[in-house]
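J.: let me see the structure of the following:
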Amino acid sequence: MAHVIDLEGCIGCGACASVCPTNAIHPTDDGKYTIVAEECIDCGACVEVCPTDCISAE
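T.: I've put the predicted structure just below:
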């Protein structure tokens with residue numbers, strides 16, 4: 001199970017990407033972030049640092 005980012009709530013701060021141990025979180029063309037499910041190890045580090053609480057388990 002991977003985590004997903006609700007793009008409606010993402011403010012593009014990059015906090016999630018900065019703590020991801022597998023570099024599974026990448027910026028989108030509009031400056032927000034997305035998680036590549038195949039690279040996500042479901043550690044939850046991103047959930048802990050997201051200031052908008054827009055990351056959840058899929």
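
J.: may I have the beta-bridge partners of the nearest residue to Thr28 once chain neighbours are set aside?
T.: Leaving aside its sequence neighbours, Thr28 sits nearest to Thr34 (Cβ to Cβ, 6 or more residues apart in numbering; 5.4 Å). C-betas here are computed from N, CA, C, even on glycine. Beta bridges link Thr34 to His26, judged by DSSP bridges.

J.: Thr34 against Asp6, yeah?
T.: No - using Cβ atoms under 8 Å as the test, Thr34 is too far from Asp6 to be in contact (10.5 Å).

J.: ok, the residue nearest to Thr28 - contacts?
T.: Under the criterion of Cβ atoms under 8 Å, 6 or more residues apart in numbering, the contact list for Thr34 reads Ile5, Leu7, Ile25, His26, Pro27, Thr28.

J.: wasn't the second one part of a helix?
T.: No - residue assignment for Leu7, taken from DSSP: H, G, I helix; E, B strand; the rest coil, gives coil, which places it outside any helix.

J.: any idea how far the closest residue to it other than its chain neighbours lies from Asp53?
T.: Distance criterion Cβ to Cβ, 6+ apart; nearest residue to Leu7, sequence neighbours excluded, is Lys32 at 5.3 Å. In this view, Lys32 and Asp53 are 15 Å apart by Cβ to Cβ, to the nearest Å.

J.: which of the two has more residues huddled nearby?
T.: A count of neighbours by other Cβ atoms under 10 Å puts Lys32 above the other of Lys32 and Asp53, at 18 against 9.

J.: the more buried one contacts Ile5, doesn't it?
T.: Yes - with contact defined as Cβ under 8 Å, Lys32 reaches Ile5; the gap is 7.3 Å.

J.: quick one: neighbours of Gly12, just the number.
T.: Neighbours of Gly12 under the rule other Cβ under 10 Å: 12.

J.: oh, that last question was meant for Val47, not what I typed.
T.: 16.

J.: doesn't it fall inside a helix?
T.: Yes - counting by three-state DSSP, Val47 is found in a helix.

J.: any idea whether Tyr56 is helix, strand or coil?
T.: For residue 56 the amino acid is Ser, not Tyr. Going by three-state DSSP: Ser56 is strand.
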